[in-house]
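A.B. asks: here's a sequence, model it:
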Amino acid sequence: MNKNIWYDHFLKSLYEKYPKKNRLAEALMDLLCIEREAVYRRLRKDVMFPFHEIVKIASTWNISINEIIGVSNGNIPFFMRPFSYLDSLNNIRESTEFLQKLEPSFESEYMEICNKPSRVMVTGHTALCQFYLFKWIYQYGNEETVTPYSKAVIPGSMHQLMSDYHVATKNISNASYILDHKLFDFLVCDIQYFHSVKLITDEEKELLKKDMHALIDQMADIARKGYHLEEKNKINIYISRINIDTNYSYLYTKAFKVCCIHGISENDIYTTDDEVVKNFRKWALLKKRTSVQISEVDEIGRIEYFTRQRQLVDTL
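C.D. replies: The predicted model follows:
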C-alpha cells in the first residue's frame, strides 16, 4: 500500500472532524499532549503521526482505520454501529458536536426517508423520547423481566444533550423529510399494543397523545412556512405514496459525506465512501418521484394530511 495515500486519507479524516486548521491543531494538542509546532509538523507531513497517536486519535474520534485502508485497496467499506438507547450519550454527543461546527455559510444537505419518527423529529418531545427508550428496552433489554414505560427513565444528562442536539440540527442549511404515509399509524399501533398489555397506563397514554399532537403541530407549522421557525433554514416535507421499508438518511457537506441505513433497531449501517454516498444521494432524491410535497405548496393537501394525523392520534 502506498504510504502517502494512506496518510493523506488519514489527514483528510482529521479535517472532516475539524475543518478549520487552528481548531484541529488545538484539539490534537489537547488529545495528544504535545506542542503546537509538533502538531503542525505532522499536519504538514514533515513527520508522520506515530502509530500509538494514530490509534489514540482513531479510537477517540471514531475514525475507522479499516475504512482508510479500504479506500486505497479498492474495497468499499460498510460498518454496522451498535446502537443502545441505554448507552447512547456518546453517539448523541458526537453528532451534536459535528452539527455545531456547521456554520450558516456552509452548504449542508440532509435527507431522511422514514417509516417511523426519527430522532431528529422526536427530540424535544420528552414523552415520545421515553417511549422509544421503553420500546428499545422491551425488545433488547433483560429477557427475564419486563420494564414498564414508567421505569424507562431518560437520565438527566441525556435531556440536556438531546436539547443541544435538537438545536444543533437547525444548523443544517437544507433538510428534506420523506415520510411514509402510514408513519403515525405505525406509532399509534405500537402505543395501543403496549397499553393493551398494561405496560403503558391511561395517564401515560394521554401524555403520549399530547406529545404526538405537539409534534404534528410543529411539523404543520414547518410545512406551512418551509423552514425552522427559529433559524429559517430550508426544510422540505414530502409524503410517500408507496410504503417505505425502513429509515434511511444521508448528510452531504463539502467536508463530510455519510449515508446511513437504520435497518435494524439495534444497529445502524453506514459508510462515508464518496462514490457510494453520491449514488445513495441520487437514489434518495429519486424517492421524490413517488412522493407529494406538502411544504409550502398544496395547501389543501397539507391541511387534509395533518387533520387526518390528528384524528388518528385521537383514536388512542
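
A.B. asks: where does pLDDT dip in the stretch 201-316 of the chain?
C.D. replies: For the stretch 201-316 of the chain, the stretches with pLDDT under 70 are 228-232, 263-268.

A.B. asks: if we use 50, what do you get?
C.D. replies: 264 (pLDDT under 50).

A.B. asks: where do the strands of it begin and end?
C.D. replies: 234-240, 247-253, 257-264, 267-271, 291-293 (DSSP state E, counting those that start in this stretch).

A.B. asks: can you show me the CA trace of the third one as CSV?
C.D. replies: The C-alpha coordinates for strand 257-264 follow below in CSV (Å, rounded to 0.1, in the frame of the first residue of the first chain):
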residue,chain,number,x,y,z
LYS,A,257,-20.5,12.9,3.4
VAL,A,258,-22.2,9.9,5.0
CYS,A,259,-25.2,7.7,4.3
CYS,A,260,-26.9,5.5,6.8
ILE,A,261,-29.5,2.7,6.8
HIS,A,262,-31.4,2.4,10.0
GLY,A,263,-32.5,-1.1,9.0
ILE,A,264,-32.1,-2.9,12.4
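
A.B. asks: what does it contact?
C.D. replies: Applying Cβ atoms under 8 Å, 6 or more residues apart in numbering, the contact partners of strand 257-264 are 118, 246-251, 268-272, 274, 276-278, 280-281, 284. In short, each C-beta sits where N, CA and C put it, glycine included.

A.B. asks: can you select the buried ones from those in PyMOL?
C.D. replies: Buried subset of the contacts of strand 257-264, written as a PyMOL selection, criterion 16 or more other Cβ atoms under 10 Å:
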select buried, resi 118+247+248+249+250+251+268+270+271+272+276+277+280+281+284
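
A.B. asks: let's verify Ile178: helix, strand, or coil?
C.D. replies: Secondary structure assignment for Ile178 (DSSP: H, G, I helix; E, B strand; the rest coil): strand.

A.B. asks: same deal with Phe131?
C.D. replies: Classification of Phe131 by three-state DSSP places it in helix.

A.B. asks: what about it, neighbour count?
C.D. replies: 25 (other Cβ atoms under 10 Å).

A.B. asks: could you do the one 4 residues further on as well?
C.D. replies: Neighbouring residues of Lys135 were enumerated by other Cβ under 10 Å; the total is 18.

A.B. asks: now name the helix or strand holding it.
C.D. replies: Lys135 is located in helix 126-140, with elements delineated by DSSP states H and E.

A.B. asks: tell me how far that helix lies from the chain's centre.
C.D. replies: Relative to the centre of its chain, helix 126-140 is centred 17 Å away, using Cα atoms, centre = their mean, to the nearest Å.

A.B. asks: which other helices and strands does it contact?
C.D. replies: helix 119-122, helix 183-196, helix 202-225 (3 or more Cβ pairs under 8 Å, 6 or more residues apart in numbering; DSSP states H and E).

A.B. asks: please redo it, this time with the cut-off set to 10 Å
C.D. replies: Using 3 or more Cβ pairs under 10 Å, 6 or more residues apart in numbering; DSSP states H and E, the elements in contact with helix 126-140 are helix 119-122, helix 156-168, helix 183-196, helix 202-225.

A.B. asks: go through those helices and pick out the most buried.
C.D. replies: helix 119-122 (a mean of 20; mean count of other Cβ atoms under 10 Å).

A.B. asks: list the helices and strands it packs on?
C.D. replies: Looks like helix 119-122 contacts helix 89-100, strand 108-114, helix 126-140, helix 156-168, strand 174-180, helix 202-225, strand 247-253 (3+ Cβ pairs under 10 Å, 6+ apart).
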